[in-house]
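In: With the sequence up front, the predicted model follows.
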Amino acid sequence: MTLDDLTQIRAIEQLKYRYLRFLDLKQFDDLENTLTPDATASYGGGAYAFDSRDSILAFLRESMTREEMLTSHKVHHPEIEITAQDEAEGTWALEDKIVDTGFGITITGAAYYHDKYRRIDGIWYISHTGYKRVYEEIQPRPADLSLTASWWGTNGRSRIPAGQSDD
Amino acid sequence: MTLDDLTQIRAIEQLKYRYLRFLDLKQFDDLENTLTPDATASYGGGAYAFDSRDSILAFLRESMTREEMLTSHKVHHPEIEITAQDEAEGTWALEDKIVDTGFGITITGAAYYHDKYRRIDGIWYISHTGYKRVYEEIQPRPADLSLTASWWGTNGRSRIPAGQSDD
Amino acid sequence: MTLDDLTQIRAIEQLKYRYLRFLDLKQFDDLENTLTPDATASYGGGAYAFDSRDSILAFLRESMTREEMLTSHKVHHPEIEITAQDEAEGTWALEDKIVDTGFGITITGAAYYHDKYRRIDGIWYISHTGYKRVYEEIQPRPADLSLTASWWGTNGRSRIPAGQSDD
């Protein structure tokens, strides 16, 4: 590979990491800047599909704004390919967990993302994102499961006494 | 490092990602092409050991074909070293989860992989793979835990209504 | 990016992977060599703060030596920036799990690390590490949850019979 290949692939990885950081930290204005205006998305393994950046953002703001919904989307195993001068595609292995103390549920799952990326004026954007689930499961939160920290509720600080926690 | 070092290390990472994608998606014919014919494997922290590609494949097909067994193997923290012209070794941090609705169990664990890789005609293959567990635990699936998507059962699509899910 | 940029960023990633491997495998003497003498740390989302390598090591040895405490810290999504000749900063997405059969609890969580790195005589060290939690939760270990392997208790070997496990 050329140095430029490695640099472009790394730029696309950084784009995906920013997108997910903005998603899990509910920074939807920042997230908007990671998408092309005509971006399409297929979430929930195709259950929820959108055909513009505006409709994607409307959906995310509608479904993910509540601070009782704590989400963790982690991607692994990037397999990214530059397919044209300013086009790329990529596969990622997702693991995600949703802790929702409002609805009293936990959702966990794994999936494979298939994304498309486009470069405009030297900057990479997501032009399509979507995934297909390997598994997904939901469970009511048991009474003896305690939330001990959250980004918004405790400013990210643990309430577990040292000695029982670690590190 | 040289550009070739970075390129070769990346090729080995891509190999591992393909191997795990084929494993979790039960594409055993494709998985076969990631191994040398004399590949050895030590799974379960040494509990199940094999000394050829054929015996590895026979074991995987035997133990992982059932579509009620949904697996997610995610590797992190690659520490890969080119040890000779066409030889390399690597350490990876694994987290894995097995959702088995047939046996009614969930298994989760973490481990450190120690792999060996060999390059033949310019292509990298896994010549040894094995891991040692940091922890592993098993639990019967509780009655209120519901599977809401699977690659084979729902074609990867979530059955959770929008608004309770996300993204 | 230049080849040196890519090489230095990779070296910092490798540093973080070593640090976490030493942490989860309780190799505290090795871990010491990943930190500058004046390193600072802010664990638990700020609940436990330290201002020297010695005090960090004393805390880790005190809180994490017990072999009934099995930990898995996995980082994702590196966003690393070289900020000066021998200085860098980085953001990582953490997922961690603590299986503590001594206290009979499981802790799981997600967080964003913000680290600082310094290069001394050509080698990168962690000069600050700290994170803020997206969520953290704790639960007593239920009676039907069985530990089937651990690094120290079973030498990393699974006690689950083949056929119920995989891979």
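Out: Good, I have the coordinates. Residues are numbered from 1 along each chain as shown, chains lettered A, B, ... in the order given.

In: now the strands for chain A?
Out: Along chain A, counting by DSSP state E, strands occupy A:35-43, A:48-50, A:69-84, A:87-100, A:105-120, A:123-140, A:146-150.

In: which parts of the fourth one are buried?
Out: Of the residues in strand A:87-100, those buried under the neighbour-count criterion (16 or more other C-beta atoms under 10 Å in any protein chain shown) are A:88-100. For every residue, glycine as well, the C-beta is placed using N, CA and C.

In: circling back: can I get the strands of chain A in TSV including distance to C:Asn155 and mean pLDDT?
Out: Supplementary listing: these in TSV, determined by distance: least, C-beta to C-beta, whole Å; pLDDT from 0 to 100:
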stretch	distance to C:Asn155	mean pLDDT
strand A:35-43	43	96
strand A:48-50	46	93
strand A:69-84	27	98
strand A:87-100	27	98
strand A:105-120	29	98
strand A:123-140	30	98
strand A:146-150	32	97
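
In: Could you export these as CSV, including distance to chain B?
Out: Output for the strands of chain A, formatted as CSV (distance: least, C-beta to the nearest C-beta, whole Å):
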stretch, distance to chain B
strand A:35-43, 5
strand A:48-50, 5
strand A:69-84, 4
strand A:87-100, 6
strand A:105-120, 4
strand A:123-140, 3
strand A:146-150, 16
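
In: Save these as a markdown table, and put in distance to B:Arg119 too.
Out: Shown next, in a markdown table, are the strands of chain A (distance: least, C-beta to C-beta, whole Å):
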| stretch | distance to B:Arg119 |
| --- | --- |
| strand A:35-43 | 37 |
| strand A:48-50 | 42 |
| strand A:69-84 | 19 |
| strand A:87-100 | 23 |
| strand A:105-120 | 27 |
| strand A:123-140 | 30 |
| strand A:146-150 | 46 |
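
In: Keep only the buried residues of strand A:87-100 that also lie close to chain C.
Out: When contact is defined as C-beta under 8 Å from any C-beta of the partner chain, these meet chain C at A:95, A:97, A:99.

In: what's the closest of those residues to chain C?
Out: A:Val99 (5.0 Å; C-beta to the nearest C-beta).

In: follow-up on the earlier one: B:Ala11: which of the strands of chain A is closest?
Out: B:Ala11 lies closest to strand A:69-84 among the strands of chain A, at 11.6 Å (C-beta to C-beta).

In: Output the closest one as CSV - backbone C-alpha positions only.
Out: This file holds the C-alpha atoms of strand A:69-84, laid out as CSV (Å, rounded to 0.1, in the frame of the first residue of the first chain):
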residue,chain,number,x,y,z
MET,A,69,-30.8,6.1,27.7
LEU,A,70,-27.1,5.4,28.0
THR,A,71,-25.6,3.8,24.9
SER,A,72,-22.3,2.2,24.1
HIS,A,73,-21.5,1.4,20.4
LYS,A,74,-18.1,-0.1,19.9
VAL,A,75,-16.8,-1.0,16.5
HIS,A,76,-14.1,-3.6,15.8
HIS,A,77,-12.3,-5.3,12.9
PRO,A,78,-12.3,-2.5,10.2
GLU,A,79,-12.1,-3.9,6.7
ILE,A,80,-11.9,-0.7,4.6
GLU,A,81,-11.4,-0.4,0.9
ILE,A,82,-10.8,2.6,-1.3
THR,A,83,-13.1,1.9,-4.3
ALA,A,84,-12.6,5.1,-6.4
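
In: where's it relative to the chain centroid, distance-wise?
Out: Here strand A:69-84 is found 8 Å from its chain centre; the criterion is C-alpha atoms, centre = their mean, to the nearest Å.

In: any residue of it up close to chain C?
Out: Yes. Strand A:69-84 reaches chain C (C-beta under 8 Å from any C-beta) through A:70-72, A:74-76.

In: ok, now which ones touch the nearest residue to A:Lys116 once chain neighbours are set aside?
Out: Excluding its sequence neighbours, the residue lying closest to A:Lys116 (C-beta to C-beta, 6 or more residues apart in numbering or on different chains) is A:His128, at 4.0 Å. Taking C-beta atoms under 8 Å, 6 or more residues apart in numbering or on different chains, we find A:His128 in contact with A:39-42, A:115-116.

In: How many residues are close by A:Ser150?
Out: Residues near A:Ser150, counting by other C-beta atoms under 10 Å in any protein chain shown, number 22.

In: And it, how far from chain C?
Out: A:Ser150 sits 5 Å away from chain C, going by C-beta to the nearest C-beta, to the nearest Å.

In: Which strand residues bridge A:Tyr135?
Out: Assessed by DSSP bridges, A:Tyr135 has beta-bridge partners A:Ala110, B:Ser150.

In: what's the neighbour count on it?
Out: By the criterion of other C-beta under 10 Å, A:Tyr135 has 25 neighbours.

In: Could you do the one 3 residues further on as well?
Out: Here the number of neighbours of A:Ile138 (other C-beta under 10 Å) works out to 23.

In: Now do the contacts for it.
Out: A:105-107, B:145-146, B:148, B:160, B:164.

In: surely A:Ile80 meets A:Ala88?
Out: Yes. Taking C-beta atoms under 8 Å as the definition, A:Ile80 is a contact partner of A:Ala88 at 6.1 Å.

In: Find residues that contact each of the two.
Out: Residues touching both A:Ile80 and A:Ala88 (C-beta under 8 Å, 6+ apart) are A:9, A:12.

In: quick one, phi psi at A:Glu67?
Out: Backbone torsions of A:Glu67, given as degrees, to the nearest 10, read phi -80, psi -10.

In: I meant A:Gly156, not that one.
Out: phi 80, psi 10.

In: Pretty sure it sits against C:His114.
Out: No. Taking contacts as C-beta under 8 Å, A:Gly156 lies outside contact range of C:His114: 10.9 Å.

In: picking up where we left off before, separation between the residue nearest to A:Lys116 and B:Leu3?
Out: For A:His128, the distance to B:Leu3 equals 31 Å [C-beta to C-beta, to the nearest Å].

In: show me what contacts the closest residue to A:Gly156 other than its chain neighbours?
Out: Leaving aside its sequence neighbours, A:Gly156 sits nearest to C:Lys132 (C-beta to C-beta, 6+ apart; 3.2 Å). By C-beta under 8 Å, 6+ apart, the contact list for C:Lys132 reads A:151, A:155-157, C:45-46, C:111-112, C:114.
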